[in-house]
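Participant: sequence and computational prediction follow.
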Number of protein chains: 2
Amino acid sequence: MDNRLFATRVQPDVPSRLDGLFPQLAFDDAIKFTAGAPAENLFPTEAMKQAYLAAMAKEGPHTFQYHTVQGPTELRERLAERARTRMQIESATVDNIMLTAGGQQAIDLVAKLLLNPGDAMVVEAPTYVGALSAFDMYEPTYYEVELEADGLNTTQLEDTLKAHPEIKFLYTVADFHNPGGVTMSVAKRKRLVELANQYDFLILEDTPYRDLRYVGESLPTIKHFDTEDRVIFLSSFSKVMMPTLRLGWLVASPMIIKQLLKLKEAADLEVPNLTASAVNEFLANNSLDDHIKALNKEYRVRQQAMVAAIKREMPAGVTATEPEGGFFTWVTVPDFINTTDLLYNEATPNLHIAYVPSKNFYAYKNHTNGMRLNFTGLMPAEIDDGMHRLGQLLTEKLTKVTD
Amino acid sequence: MDNRLFATRVQPDVPSRLDGLFPQLAFDDAIKFTAGAPAENLFPTEAMKQAYLAAMAKEGPHTFQYHTVQGPTELRERLAERARTRMQIESATVDNIMLTAGGQQAIDLVAKLLLNPGDAMVVEAPTYVGALSAFDMYEPTYYEVELEADGLNTTQLEDTLKAHPEIKFLYTVADFHNPGGVTMSVAKRKRLVELANQYDFLILEDTPYRDLRYVGESLPTIKHFDTEDRVIFLSSFSKVMMPTLRLGWLVASPMIIKQLLKLKEAADLEVPNLTASAVNEFLANNSLDDHIKALNKEYRVRQQAMVAAIKREMPAGVTATEPEGGFFTWVTVPDFINTTDLLYNEATPNLHIAYVPSKNFYAYKNHTNGMRLNFTGLMPAEIDDGMHRLGQLLTEKLTKVTD
């Protein structure tokens, strides 16, 4: 067949943005800072097994039948309560909760809801690579707004909105940014909602890591400050429970939910009832908060190891964000170092370490002096060892130049 | 928010094509011919429970982790073997099998692969309403080709192709058509592939009911006759196993699979590993063919009851297809009867029966003298009773006119 038959969104010879992010390293002493996956040894495996059995017992064969695109009312009630009490979304009710196939599908469906080819949207620079891969399929015009230590630069955002009043949509990871590791300040959250009201756009607030805070105090969600139903709040069970659930959930106005449900039904009919029912059983018979506390206790040790290793190992001229939660820290190196080249030519072949280079996290792939480091998938000793190697490599690169 | 923010594919005030197809009937003696769902009492419930437990035991916590968009090799090997031995797709290998979230997602992704807004495609008239709901989101120009007793009218198709050489894509349900109940002849299957080669378009062959044959001999798939990798063959576990698996699988050229995997990953990352692994365990430890035999034995009784009831109850002037398998028969009434009006004004309120009226199954909703009747969701006595009521109603309508 010829390429004439493909839609313009499909570029047969261009690899996916997700290709090659998670390399196999065939070295006995390999240390991978690439992980985006949660630690398996912390999964509530036995409790979920019991939850699946309980779901099957409760409804019998009907468990396995088609159900509805909305999903179980009981589960949506639990999620609405969680949104009210943990996410400060006081307006959440069973009617403005929607279930999706992981957070990824919610990102895809929101893009499908809003974007015609060429439509203008804002992404953070850097931003979540999986979101870019979803947005790409709707062929938007991206406007990038830089990420600062306290979240996206709202002054730069306003300049962008003034120059491009056609912007419809902004995507943000406000808590423990992937890949940036930073958290948006309360002042910027409020400002973002004001700008959305003034310039007439919608916000997708993606919060997969929000519950995973290791130090400091939780901040109110952006959705909490929403006054005109402009914020679509998205959470997921992938990082706080298990990825294979492929269960995300969002909170939005009933009118937006209604349109998204039509898109969901057209895309894959419904979330599997067995999954929805099993998660409902888990939530009924276990404390998700207690499970999250146990996760945070363990992840905090790894986060502290990473923070200490950065201080100890990174040479002057290299900066890193200090995440209070989530999975990642973001390292910035001097401009003359290309982190993609460094990875493939030196870090992996010589030092047997891997990270995700920055260009993958930019809509236009034009930033090459950063790297994303995961710390939740490694033990403290591995973090120490890997960061020592990385520190040596960077020190060497910087010394060569100043020689 | 204002509607300016929505993409053109979203029509906020237009109900989904899927709305209202499956009404609740609050009558003690209600009989619903509307079902699209398989009979729950025939589900392999205990075997699937054991399969889930086996999947969890096999990989331990890793079962619940992210895996890959391709899915388990072992499962794809089993499906490739099934494609070769049961679907006459001799070329099937582990590398041209893809897993999807039910057949519905495969339909969505194939449309996403091929269709820009305005692009030309062919659908049968009538066709599967869920496919239309997926296609709608890519805003194609539909060309309808009529369905005959031996499948779509290939002469009319060729005329359409001559008039519209820009056609890229054709969607067909060749075995036990939903909603038409008919099966495409071998001659037409061959002709369809010839036309695809000559006029340069792709075919999506959707076969959710293919294994559910109650009388007669199975025909080779369209994909069997494919000479230029133009046929995407789609199957699903929803009807032969259970809908909640949300597991579809397709066979296409590696080049098409590669593009579809990129779209799948952008849409929702991957099929849940737990599901894929559980289905693999089911297939390893049970005979799917034996299960299908048991289904067919039971469904055949219901199909025979429907065929007999049609002969017994339908007045002259009313015709019906005689399906050899699948879930549905299609009834055609004289033009002056509008089956939507008949349903809501008389059949349901007066006779407490429901069917799905024809307009839902046409791209342009402009056929109003047909109805889809399901027979697999009802016991023979219910079929007899419901068809007697429908026969009375239609006899009355026809008598009034001839009076």
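Facilitator: Looks like it arrived, so ask away.
Participant: I'd guessed A:Glu40 sits against B:Phe64; true?
Facilitator: Yes: with contact defined as CB atoms under 8 Å, A:Glu40 counts as touching B:Phe64 (7.4 Å). The way it works is simple: take the backbone N, C-alpha and C, and place the C-beta from them, glycine included.
Participant: how close does A:Glu382 get to A:Tyr344?
Facilitator: For A:Glu382, the distance to A:Tyr344 equals 21 Å [CB to CB, to the nearest Å].
Participant: which residue of these two possesses the greater neighbour count?
Facilitator: Higher neighbour count among A:Glu382 and A:Tyr344: A:Glu382, with 18 against 15, using other CB atoms under 10 Å in any protein chain shown.
Participant: need the contact list for the closest residue to A:Lys32 other than its chain neighbours.
Facilitator: For A:Lys32, ignoring the flanking residues on the chain, the nearest one in space by CB to CB, 6 or more residues apart in numbering or on different chains is A:Ala354 at 4.8 Å. A:Ala354 sits next to A:23, A:25, A:30-34, A:343, A:347-348 when contact means CB atoms under 8 Å, 6 or more residues apart in numbering or on different chains.
Participant: can we see that at 10 Å?
Facilitator: Residues near A:Ala354 by CB atoms under 10 Å, 6 or more residues apart in numbering or on different chains: A:21-25, A:27, A:30-35, A:343-344, A:347-348, A:371, A:373, A:386.
Participant: for A:Tyr66, grab the count of nearby residues.
Facilitator: A count of neighbours around A:Tyr66, defined by other CB under 10 Å, yields 21.
Participant: let me see the contact set for it.
Facilitator: Contacts of A:Tyr66 by CB under 10 Å, 6+ apart are A:269-270, A:273, B:22, B:35-38, B:40, B:102, B:238, B:242-244, B:246.
Participant: pLDDT at it, what is it?
Facilitator: Listed pLDDT for A:Tyr66 reads 95.
Participant: and it, how far is that from A:Gly325?
Facilitator: Distance from A:Tyr66 to A:Gly325, by CB to CB: 38 Å.
Participant: once you drop chain neighbours, what's closest to A:Val186?
Facilitator: Leaving aside its sequence neighbours, A:Val186 sits nearest to A:Leu219 (CB to CB, 6+ apart; 5.5 Å).
Participant: those helices in chain A, which residues are they?
Facilitator: Along chain A, counting by DSSP state H, helices occupy A:45-59, A:73-86, A:102-114, A:129-136, A:154-163, A:186-199, A:254-268, A:273-285, A:288-313, A:339-342, A:348-351, A:380-402.
Participant: please identify the most buried of those.
Facilitator: Ranked by mean neighbour count, the helices of chain A are led by helix A:102-114 with a mean of 26 (mean count of other CB atoms under 10 Å in any protein chain shown).
Participant: packing partners of that helix?
Facilitator: Contact here means 3 or more CB pairs under 10 Å, 6 or more residues apart in numbering or on different chains; DSSP states H and E; on that basis helix A:102-114 packs against strand A:97-101, helix A:129-136, strand A:169-172, strand A:202-206, strand A:231-236, strand A:247-251, helix A:254-268, helix B:254-268.
Participant: who wins for most neighbours among the contacts of A:Tyr66?
Facilitator: B:Arg246 (29 neighbours).
Participant: surely that one touches A:Gln105?
Facilitator: No: B:Arg246 lies out of contact with A:Gln105 (CB atoms under 10 Å); the separation is 11.9 Å.
Participant: tell me the bridge partners for A:Thr319.
Facilitator: According to DSSP bridges, the partner residues bridging A:Thr319 are A:Thr332.
Participant: that one against A:Met371, yeah?
Facilitator: No: counting by CB under 10 Å, A:Thr319 stays clear of A:Met371, with 11.6 Å between them.
Participant: mutual contacts of those two, please.
Facilitator: Counting by CB under 10 Å, 6+ apart, the residues touching both A:Thr319 and A:Met371 are A:330-333.
Participant: pLDDT added to those, as CSV?
Facilitator: Supplementary listing: the shared contacts of A:Thr319 and A:Met371 in CSV, determined by pLDDT from 0 to 100:
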residue, pLDDT
A:Trp330, 98
A:Val331, 98
A:Thr332, 98
A:Val333, 97
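Participant: which member of these is positioned nearest B:Glu139?
Facilitator: A:Trp330 (39.2 Å; CB to CB).
Participant: picking that back up, so which of the contacts of A:Tyr66 sits lowest on pLDDT?
Facilitator: Ranking the contacts of A:Tyr66 by pLDDT, B:Phe22 lands last with 82.
Participant: next up, the contacts around it.
Facilitator: Residues in contact with B:Phe22 (CB under 10 Å, 6+ apart) are A:66, A:68, B:32, B:34-37, B:354, B:356.
Participant: which parts of the stretch 201-350 of chain A sit against chain B?
Facilitator: Those residues of the stretch 201-350 of chain A that sit near chain B, judged by CB under 10 Å from any CB of the partner chain, are A:201-202, A:228-230, A:238, A:241-248, A:253, A:255-256, A:258-263, A:265-278.
Participant: cutoff 7 Å now
Facilitator: Counting by CB under 7 Å from any CB of the partner chain, the residues of the stretch 201-350 of chain A close to chain B are A:202, A:228-230, A:242-244, A:246, A:259, A:262-263, A:265-269, A:272-274.
Participant: which residue does the stretch 301-403 of chain A bring closest to chain B?
Facilitator: A:Gly377 (10.9 Å; CB to the nearest CB).
Participant: residues near that residue, how many?
Facilitator: 19.
Participant: which ones are touching it?
Facilitator: For A:Gly377, the contact set (CB atoms under 7 Å, 6 or more residues apart in numbering or on different chains) comprises A:35, A:37, A:39.
Participant: mind doing that once more with 8 Å?
Facilitator: Contacts of A:Gly377 by CB under 8 Å, 6+ apart are A:32, A:35, A:37, A:39, A:327.
Participant: so A:Pro380 sits against A:Gln303, correct?
Facilitator: No: between A:Pro380 and A:Gln303 there is no contact under CB under 8 Å: 9.9 Å.
Participant: can you pull out the low-pLDDT segments for chain A?
Facilitator: Chain A contains residues with pLDDT under 70 at A:1, A:401-403.
Participant: need the longest strand for it.
Facilitator: In chain A, taking DSSP state E as the definition, the longest strand is strand A:141-148.
Participant: residues making contact with it?
Facilitator: Residues outside strand A:141-148 that contact it (CB under 8 Å, 6+ apart) are A:118-126, A:135, A:152-153, A:156-157, A:160, A:164, A:167, A:177, A:180, A:182, A:362-364.
Participant: now with 6 Å?
Facilitator: A:118, A:120, A:122-125, A:152-153, A:156-157, A:160, A:180, A:363 (CB atoms under 6 Å, 6 or more residues apart in numbering or on different chains).
Participant: can you flag the buried ones in these?
Facilitator: Buried by 16 or more other CB atoms under 10 Å in any protein chain shown: A:120, A:122-125, A:152-153, A:156-157, A:160, A:180, A:363, out of these.
Participant: please flag which of those sit within strands.
Facilitator: Taking DSSP E as the definition of strands, the buried ones among the contacts of strand A:141-148 contribute A:120, A:122-125, A:152.
Participant: format the residues you listed as a markdown table; extra columns: distance to chain B.
Facilitator: Shown next, in a markdown table, are those (distance: CB to the nearest CB, whole Å):
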| residue | distance to chain B |
| --- | --- |
| A:Ala120 | 11 |
| A:Val122 | 14 |
| A:Val123 | 15 |
| A:Glu124 | 19 |
| A:Ala125 | 20 |
| A:Leu152 | 20 |
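Participant: quick check on A:Tyr66: phi, psi?
Facilitator: Main-chain torsions, A:Tyr66, degrees, to the nearest 10: phi -60, psi 140.
Participant: for the residue lying closest to A:Asn197 once chain neighbours are set aside, grab phi and psi.
Facilitator: Nearest residue to A:Asn197, sequence neighbours excluded (CB to CB, 6+ apart): A:Glu228, at 5.3 Å. With angles defined as degrees, to the nearest 10, A:Glu228 shows backbone torsions of phi -130, psi 30.
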